[in-house]
Structures are given as structure tokens and as C-alpha cells.
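S.K.: Any chance you can model this:
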Amino acid sequence: MPTTGKIYDYLVIGGGSGGLASARRAATYGAKVGLIEGSGRLGGTCVNVGCVPKKVMWNTASIAEAIRDAKEYGFPDIETPKFDWYTLKHKRDAYIKRLNGIYERNLEKDHVDYISGMASFVSKNSVTLGNGDEIHAKKILIAVGGHPTIPKVPGAELGIDSDGFFDLEHQPKRVAVVGTGYIGVELAGIFHALGSEVSIFSRTQEILRPFDHIIKDTLKKEMLSNGVKIITNSHVQSLAKSENNAINVNYESDGVLGSAEFDTVLWAIGREPLVARLNLDKANVTLNEKGYISVDEYQQTAVPEILALGDVCGVEQLTPVAIAAGRRLSDRLFGPEQFKNSKLDYRNVPSVIFSHPTAGAVGLTEEQAKKEYGAENLNVYVSEFSGMYNAMKTHKTPSAFKLICAGPEEKVVGIHLVGPGSDEMLQGFAVAVKMGATKADFDSTVALHPTSAEELVTLTKGNLKKN
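M.R.: Model (predicted):
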């Protein structure tokens with residue numbers, strides 16, 4: 001803990017992915033850096049209640065699916081084993097705790113002061129931890145992230161959010177997931193693959209609304225075929241405890257009232273920035289109409305001494321984005337002359353969904369591309385196929401790929417994948433999109449056979465989407 005009045009070159013509020021990356025990069029340039037984290041554990045949402053433990057659970061669900069497939073691959077004596085949620089949960093927690101320790105040791109190694117406490121602004125250059133101590137800095141970065149949104153409906157407290165998913169000691173038998181963004185779809189898929197009965201409540205006819213139709217339509221159909229129930233055009237009106245300690249969900253769907261009992265209700269309706277405790281008015285930091293901190297392309301707020309990045313800004317809320325933005329920011333603030341204009345390019349950021357099967361996208365959706373280039377200037381190539389893993393299976397898990405090309409040179413402006421392995425194959429193709437690759441570049445690349453990825457370099461005019 002620093003003494004009262006200590007002045008830093010750079011003070012980072014928030015020990016998540018973006019804050020840690022920016023703090024450590026600044027320290028490598030010789031800056032005197034402090035980092036404040038109020039939760040008592042480093043790593044932020046991603047490490048503690050997000051990407052990392054979620055991927056452990058997705059891996060677990062995938063193993064369960066592979067065990068079910070084994071009989072059709074010539075292992076007739078394999079029985080479906082009992083899954084021990086409790087044991088895995090505590091083993092996963094121990095893994096996360098080890099990561100917390102690694103992050104703390106990395107700060108120490110890089111000579112970054114780790115300060116435990118809840119920061120709030122006193123002025124544009126000072127914060128307090130609420131204990132009388134004030135900490136001063138020439139530059140302050142806000143990287144506090146966000147938290148799950150809980151709706152204002154009667155009984156909402158009976159449900160859990162995505163953070164609460166990782167607190168579950170035992171697997172619930174009947175689960176309601178309210179919300180169909182990637183978090184809701186991913187957690188619903190994990191529950192279902194591990195044997196829970198899952199119902200998803202969607203406000204619309206769709207799931208994964210921001211994504212291209214080839215992803216959301218294919219995944220919705222696959223989820224339904226696997227037994228996930230999707231209640232569309234629905235609005236959850238209230239939750240109430242049942243006599244048997246279950247949760248009764250009262251809802252409306254297509255104008256018809258309904259109710260159903262569940263053991264767990266998970267709210268996945270969105271996230272909000274963690275700004276309430278910061279006293280931003282003391283520093284004259286402004287928010288946009290959605291409550292996120294307003295910044296320019298250089299992560300600069302309206303106050304020259306204060307910067308912000310990551311989920312608290314509401315743009316591309318992904319861990320690798322926050323890390324990249326944080327490092328480039330510190331390069332610009334404290335690095336050599338060559339980095340004086342360093343900033344993150346938020347175009348063509350790839351993203352994946354750890355659904356069942358996985359999906360991923362980079363660049364524009366088809367609808368976005370039509371608006372930007374005009375439908376008449378696009379060639380959209382589509383391949384819907386069954387991957388070779390399905391060769392021995394009765395149920396054929398679908399794969400569907402879309403390549404969106406613009407202009408006479410057919411520049412690739414969007415790639416959308418759904419199917420086994422999509423998460424891993426997208427990264428390399430994202431490099432090609434970032435470099436401005438054309439369809440001809442894809443065509444000139446020799447395919448890897450037999451793989452699903454080869455579909456993207458073997459698309460022909462026969463794959464052109466008919467309007």
C-alpha cells in the first residue's frame with residue numbers, strides 16, 4: 001500500500017485484462033505505476049468469472065459429447081459416466097486461484113505497485129480508497145470493466161447471473177436462461193451438454209442478434225434439434241419460490257401468458273459499466289447515452305489526464321481487445337517516438353462463440369456489407385456441409401461457412417463460420433482479412449485435406465448465394 005500523497009506517473013484503476021496489460025507495459029518504459037483493484041483478486045471478469053472458467057466448462061461439456069459419440073466410433077462398452085460437478089467446480093476454482101497469484105507476481109516482477117481497495121475520484125489527478133488515503137498520478141486509466149445486468153422484475157433476486165454460474169456447487173436439473181447473447185447461448189450449451197434440461201427465453205424470434213444469419217440460424221436449428229427449448233418473443237414477468245423450493249417463472253410469449261418451474265434461472269440479458277462508485281463527476285469525466293465512459297480513438301476522455309478502455313467504454317467488449325488497447329495506450333504515453341500515434345484499430349476484430357458447435361466471425365455481416373458497399377457490389381459465398389467427424393455419427397452436427405467479398409477485386413470483408421473447430425480456424429483467417437486479402441488470395445492457397453477449413457479456400461461460383 002502506498003503512503004498518502006504518493007505520486008505516480010500512471011495509476012490504473014482496475015486489475016482486469018486491459019488494466020494489467022497497460023500497467024505492465026508502462027512499467028517496462030520506466031514509468032512509476034500503481035494499479036488499484038477492489039475485488040481482492042486480479043484478472044477481472046475474464047479470468048475469474050468469464051472466458052477462462054467458461055472455457056474449462058466448455059471443455060468439460062465437449063468431453064461429455066465425445067463420450068456419447070464414442071459408441072458410434074467402435075467403443076460399444078462405453079457407458080455414460082456420472083459427472084461430478086462439485087469436484088470439477090473446486091478443481092476449476094483452484095486453477096483460477098493459481099492464475100490470480102501469477103498475475104500478482106507479474107506485477108511485482110514488473111515493479112508495479114498493487115493496491116487493494118475501491119478507488120473513487122477526488123479530482124482529475126487524485127483518487128481515494130475511502131480510508132483517508134489519497135493517491136495522486138499524472139495520468140489515470142479507468143479500466144474497471146462491467147457487471148451483469150439484473151432486470152427489475154418481481155423476484156429477480158431468485159435468479160443468478162453469469163458470475164453466479166461459477167458459484168454453483170451442484171448441477172441443476174432444470175435451467176432457464178433468460179437472454180440469447182453469446183453468454184446466454186454458451187452457458188445454456190454447457191448446461192445442456194452436461195445433461196440439464198434447458199429452456200432459453202428470447203425477446204425476439206432470434207438468438208445471437210448481432211451475428212450473421214448463417215451463424216444464428218444454424219445454431220438455433222441445431223440447439224432445437226438437440227432438445228434445447230427456445231421460448232421466442234417472450235418476456236419474463238416475475239419469479240417466485242415454489243413449495244418444493246423450485247423457482248416458478250411467469251412469462252408472456254407471443255401474447256400468451258405461461259409459467260414453468262426450474263431449479264435455476266440464469267439472467268443473461270446484458271452487462272453494464274462499473275462506474276457507480278468512481279465519483280466521475282469529481283473529475284469531470286463524461287458518459288455517453290448508454291452510461292459508458294466516452295473516449296476518442298486514443299482512449300482519451302474529455303479530461304486530458306484521464307483515459308479509459310475496455311468494457312467500461314462499451315466498444316468491442318472482448319478480453320484481447322482490452323489487452324491490445326491497453327498496450328498500445330502505454331506505448332503512446334510512455335514509449336519511444338515511433339509509438340507517438342499508437343492506438344488500437346477496432347475494425348475487423350475477430351470473435352468466437354463457444355457454443356455447441358462453436359462459431360466465429362470477423363469483419364462485416366452480410367447486412368452490414370450491403371449497407372456499406374451496396375448489395376450489387378457484393379459476392380457472398382456459402383458452404384453448408386457435414387464435416388468428416390460426422391462420418392460415423394447418426395446425428396450430423398452442421399457446419400456452415402460464409403465468405404463476403406466486395407468490389408470487382410473481391411476483397412474479403414467478412415467471414416462467418418459455424419461448426420466444429422470454427423473457433424480455432426478463425427484466427428488465421430482473421431489475419432488474412434486484416435491484411436486485406438481477396439478471394440483470389442484464398443483461391444491461390446493450397447487446401448489442407450481433409451479439414452473443414454479447406455472449404456474457405458475451395459469456394460467456387462457454385463457457392464455464390466442466390467439473392
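
S.K.: Going by C-alpha atoms from here, please, whenever you check contacts or count neighbours.
M.R.: OK.

S.K.: How about residues contacting stretch 211-222?
M.R.: If you take C-alpha atoms under 8 Å, 6 or more residues apart in numbering as the criterion, stretch 211-222 is touched by 206-209, 356-357, 359, 361, 365-367, 397-398, 400-402, 416-418.

S.K.: Just the buried residues out of those, in ChimeraX syntax.
M.R.: Of these, the buried ones can be selected in ChimeraX as follows, counting by 16 or more other C-alpha atoms under 10 Å:
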select :206,207,208,356,357,359,361,365,366,397,398,400,401,402,416,417,418
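
S.K.: Please list the members of the contacts of stretch 211-222 that lie in strands.
M.R.: Among these, the members falling in strands (DSSP state E) are 359, 361, 398, 400-402, 416-418.

S.K.: Tell me the one of the residues you listed nearest residue 189?
M.R.: Comparing those against residue 189 with C-alpha to C-alpha places residue 359 closest, at 12.6 Å.

S.K.: for this protein, what are the low-confidence residue spans?
M.R.: 1-5 (pLDDT under 70).

S.K.: And the helices in it?
M.R.: In the chain, the segments counted as helices under DSSP state H are 17-28, 44-49, 51-70, 85-109, 162-165, 182-193, 213-225, 319-334, 366-373, 422-434, 439-443.

S.K.: for those helices, which one ends up most surrounded?
M.R.: Looking across these with neighbours counted as mean count of other C-alpha atoms under 10 Å, the highest average goes to helix 17-28: a mean of 26.

S.K.: mind listing the strands for the stretch 251-400 of the chain?
M.R.: 256-262, 264-267, 271-273, 306-308, 351-353, 359-363, 378-386, 398-406 (DSSP state E, counting those that start in this stretch).

S.K.: Might you report the residue contacts of the nearest residue to residue 273 once chain neighbours are set aside?
M.R.: Leaving aside its sequence neighbours, residue 273 sits nearest to residue 146 (C-alpha to C-alpha, 6 or more residues apart in numbering; 4.1 Å). Applying C-alpha under 8 Å, 6+ apart to residue 146 gives the contacts 271-274, 311-312.

S.K.: now, which of these sits nearest residue 258?
M.R.: Distances from residue 258 to these, taken by C-alpha to C-alpha, are shortest for residue 271, at 26.8 Å.

S.K.: do you know how far that closest one is from residue 168?
M.R.: 20 Å (C-alpha to C-alpha, to the nearest Å).

S.K.: Now do the contacts for residue 418.
M.R.: 214-215, 218-219, 357-360, 398-401.

S.K.: and of the residues you listed, the nearest to residue 392?
M.R.: residue 398 (14.1 Å).

S.K.: Contacts only, for the closest one.
M.R.: By C-alpha under 8 Å, 6+ apart, the neighbours of residue 398 are 218, 222, 357, 384-387, 418-419.

S.K.: got it, and residue 274?
M.R.: 144-147, 312.

S.K.: and if you look at residue 341?
M.R.: residue 332.

S.K.: still on that earlier bit, I'd like the contacts of residue 398 written out as JSON lines, with distance to residue 282 added.
M.R.: Below are the contacts of residue 398 laid out as JSON lines (distance: C-alpha to C-alpha, whole Å):
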{"residue": "218", "distance to residue 282": "49"}
{"residue": "222", "distance to residue 282": "51"}
{"residue": "357", "distance to residue 282": "48"}
{"residue": "384", "distance to residue 282": "55"}
{"residue": "385", "distance to residue 282": "57"}
{"residue": "386", "distance to residue 282": "58"}
{"residue": "387", "distance to residue 282": "57"}
{"residue": "418", "distance to residue 282": "47"}
{"residue": "419", "distance to residue 282": "49"}
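
S.K.: between those residues, which is nearest residue 15?
M.R.: Among those, and counting by C-alpha to C-alpha, the member closest to residue 15 is residue 357, at 32.2 Å.

S.K.: wait, that closest one sits on residue 396?
M.R.: No - counting by C-alpha atoms under 8 Å, residue 357 stays clear of residue 396, with 11.1 Å between them.

S.K.: residues near the residue lying closest to residue 434 once chain neighbours are set aside, how many?
M.R.: Closest residue to residue 434 apart from its sequence neighbours, by C-alpha to C-alpha, 6+ apart: residue 348 at 6.5 Å. Other residues lying near residue 348 total 16 when counted by other C-alpha atoms under 10 Å.

S.K.: How about the contacts made by residue 348?
M.R.: Per C-alpha under 8 Å, 6+ apart, neighbours of residue 348: 362-364, 430, 433-434.

S.K.: JSON lines for those residues, including distance to residue 293?
M.R.: Conversion of the contacts of residue 348 to JSON lines gives the following (distance: C-alpha to C-alpha, whole Å):
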{"residue": "362", "distance to residue 293": "25"}
{"residue": "363", "distance to residue 293": "25"}
{"residue": "364", "distance to residue 293": "25"}
{"residue": "430", "distance to residue 293": "29"}
{"residue": "433", "distance to residue 293": "30"}
{"residue": "434", "distance to residue 293": "27"}
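
S.K.: So which of these is the closest to residue 139?
M.R.: Nearest member of the contacts of residue 348 to residue 139, counting by C-alpha to C-alpha, is residue 434, at 31.7 Å.

S.K.: so which of the strands of the stretch 251-400 of the chain comes closest to residue 164?
M.R.: Across these, closest to residue 164 is strand 264-267 (C-alpha to C-alpha), at 8.3 Å.

S.K.: Please report how far residue 413 lies from residue 347.
M.R.: 11 Å.

S.K.: So for stretch 306-319, what gets flagged as buried?
M.R.: 306-314, 316-319.

S.K.: need the contact list for the residue most central in space within the chain.
M.R.: Nearest residue to the geometric centre of the chain (C-alpha atoms, centre = their mean): residue 318, 5.2 Å. By C-alpha under 8 Å, 6+ apart, the residues touching residue 318 are 310-311, 351.

S.K.: Neighbour count: residue 271 and residue 168, which is higher?
M.R.: residue 271 (17 against 14).

S.K.: Run a quick neighbour tally on the nearest residue to the more buried one once chain neighbours are set aside.
M.R.: Nearest non-adjacent residue to residue 271, counting by C-alpha to C-alpha, 6+ apart: residue 148, 4.3 Å away. Neighbour count for residue 148, taken as other C-alpha under 10 Å: 18.

S.K.: Touching, residue 148 and residue 165? I think so.
M.R.: No - Residue 148 is beyond contact range of residue 165, at 11.6 Å (criterion: C-alpha under 8 Å).

S.K.: rewinding a little: of the strands of the stretch 251-400 of the chain, give the one that comes closest to residue 86.
M.R.: Once the strands of the stretch 251-400 of the chain are compared by C-alpha to C-alpha, strand 264-267 is nearest, at 15.9 Å.

S.K.: helices and strands around the closest one, which ones?
M.R.: Where contact means 3 or more C-alpha pairs under 8 Å, 6 or more residues apart in numbering; DSSP states H and E, strand 264-267 is packed against helix 162-165, strand 174-178.

S.K.: Now distance to residue 409 too, for those, in a markdown table please.
M.R.: Below are the helices and strands packed on strand 264-267 laid out as a markdown table (distance: least, C-alpha to C-alpha, whole Å):
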| stretch | distance to residue 409 |
| --- | --- |
| helix 162-165 | 44 |
| strand 174-178 | 44 |
